[in-house]
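A.B. asks: any chance you could fold what I've pasted below:
(chains A, B, C and D)
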Number of protein chains: 2
Amino acid sequence: MGRWEPNARGRLEEAALALYGERGYEQVTVAEIAARAGLTERTFFRHYADKREVLFAGSGLLREILVKGVAEAPASAAPIDVVAAALAGAGALLEERRELARARQVVIDANPELQEREVVKLATLATEVAGALRDRGVAEPAASLAAQTGIAVFRVAFESWVGDTGRRELPDIVRECFAELGTLI
Amino acid sequence: MGRWEPNARGRLEEAALALYGERGYEQVTVAEIAARAGLTERTFFRHYADKREVLFAGSGLLREILVKGVAEAPASAAPIDVVAAALAGAGALLEERRELARARQVVIDANPELQEREVVKLATLATEVAGALRDRGVAEPAASLAAQTGIAVFRVAFESWVGDTGRRELPDIVRECFAELGTLI
DNA sequence: ACCTCCATGTCAGTGACTGACATCAGCCTA
DNA sequence: TAGGCTGATGTCAGTCACTGACATGGAGGT
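C.D. replies: You can find the predicted model right below:
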């Protein structure tokens, strides 16, 4: 085995979520998170660019699923349907990690700085989905419009899912919201 | 007259935009902005919550125009059309301040932290537009969907306007993008 | 046995941001 | 007109996020 305990990143993420949940994001110092993970402050910043990022490590996986989902959709599908299907797939991932996703969201909803980062992550996802659509041959501004709109719909669906007590599953809610968008326009 | 030069906020905003433009956001300290405005660092933070916010003071005005536009739309109009019209009105405001808006956007586009804040401001606008729609009797999730979608369209239109060399006017571009969204869905 | 790698530790610094208290022109009131 | 109150600003000391430079020592290869 290694010189140090394995999975430093995982320990940092777990420690951060726990401490943020217990005392609130602002009341926790990076040094405390690192100490709880058995590491030093300096090491925290080698793994995460800043104090917020430790909560958003999972968004890379979401990105992969979305981009892959868009890329692998049947060539005949309309852009907005491609996006809707990919987002339903991403919803399935979150559905699997329901507990974690909710605990995380409670922390984020309690702090404006974290909300800021969350919104940015979603905007980044939209940009990347638009790029994946262009790779399929979708022209601008249709690609950006479909991607931005799709992410906007996903935000609404996610919010509903997190607030819900728990029967309905996220992929279903996503599909319902897209259907409702169709009736709006 | 007062004990100090008037319009401290205006001087701070002007100094910040100039310095950010000259040397880049990260290379400028708050103390330098304050000095250029003939003030101290502490006073800067009495006017703006943080170093970024000085670039976003105008978003309050945009908010008022949007919310007012939504509230005063004819009762018969469909939610998405109400949002489109309000956003075209907001576009007219930016069209008036074209020079300032462009200089500001150049600075923002050069720095991720500022992009972060910008995205948050837009998301906040979306939330407030949704609230204004609900005040008109629009139910959820239609209100949030129309608002989020509308802001998404506005982002696309604004981007096109800023990148454009200058003939087309923002309100027109906004209306065109909404039209194109209609053909997409 | 030696050497290189690399995740981590250590330490000193910069700069954003905050709380507590001081200052003092203008205004209000007696 | 004297005196007190207000509010925008200054001053100062402090915390903490974040960074650069250098040290350390197991693991794995040669």
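A.B. asks: got the residues of chain A near DNA strand D?
C.D. replies: A:1-3, A:28-31, A:41-42, A:45, A:49-52 (C-beta under 7 Å from any atom of the strand). Heads up, the C-betas are built off the backbone N, CA and C, glycines and all.
A.B. asks: now do 10 Å
C.D. replies: Residues of chain A found near DNA strand D (C-beta under 10 Å from any atom of the strand) are A:1-4, A:25-34, A:40-46, A:48-54, A:113.
A.B. asks: any of those buried? List them.
C.D. replies: Buried residues within those, counting neighbours by 16 or more other C-beta atoms under 10 Å in any protein chain shown: A:Tyr25, A:Val28, A:Val30, A:Ile33, A:Ala34, A:Phe44, A:Tyr48, A:Lys51, A:Arg52, A:Glu53, A:Val54, A:Glu113.
A.B. asks: of the residues you listed, which pair is most distant in space?
C.D. replies: A:Ala34 and A:Glu113 (19.1 Å; C-beta to C-beta).
A.B. asks: which residue, other than its chain neighbours, is closest to the residue most central in space within chain A?
C.D. replies: Nearest to the mean C-alpha position of chain A, by C-alpha atoms, centre = their mean, lies A:Ser59 at 4.4 Å. Distances taken as C-beta to C-beta, 6 or more residues apart in numbering or on different chains place A:Lys121 nearest to A:Ser59, at 4.8 Å, with adjacent residues excluded.
A.B. asks: rounded mean pLDDT for the helix or strand hosting that neighbour, please.
C.D. replies: Taking DSSP states H and E as the definition, one finds A:Lys121 inside helix A:112-135. The average pLDDT within helix A:112-135 is 95.
A.B. asks: ok, and what's touching it?
C.D. replies: Helix A:112-135 is contacted from outside by A:25, A:52-53, A:55-56, A:59, A:62-63, A:66-67, A:70-71, A:79, A:82-83, A:86, A:107-109, A:140, A:142-144, A:146-148, A:150-151, A:154-155, B:115-117, B:119-120, B:123, B:152, using C-beta atoms under 8 Å, 6 or more residues apart in numbering or on different chains.
A.B. asks: give me the buried entries from the residues you listed.
C.D. replies: The buried subset of the contacts of helix A:112-135 - by 16+ other C-beta under 10 Å - is A:25, A:52-53, A:55-56, A:59, A:62-63, A:66-67, A:70, A:79, A:82-83, A:86, A:107-108, A:142-144, A:146-148, A:150-151, A:154-155, B:116-117, B:119-120, B:123, B:152.
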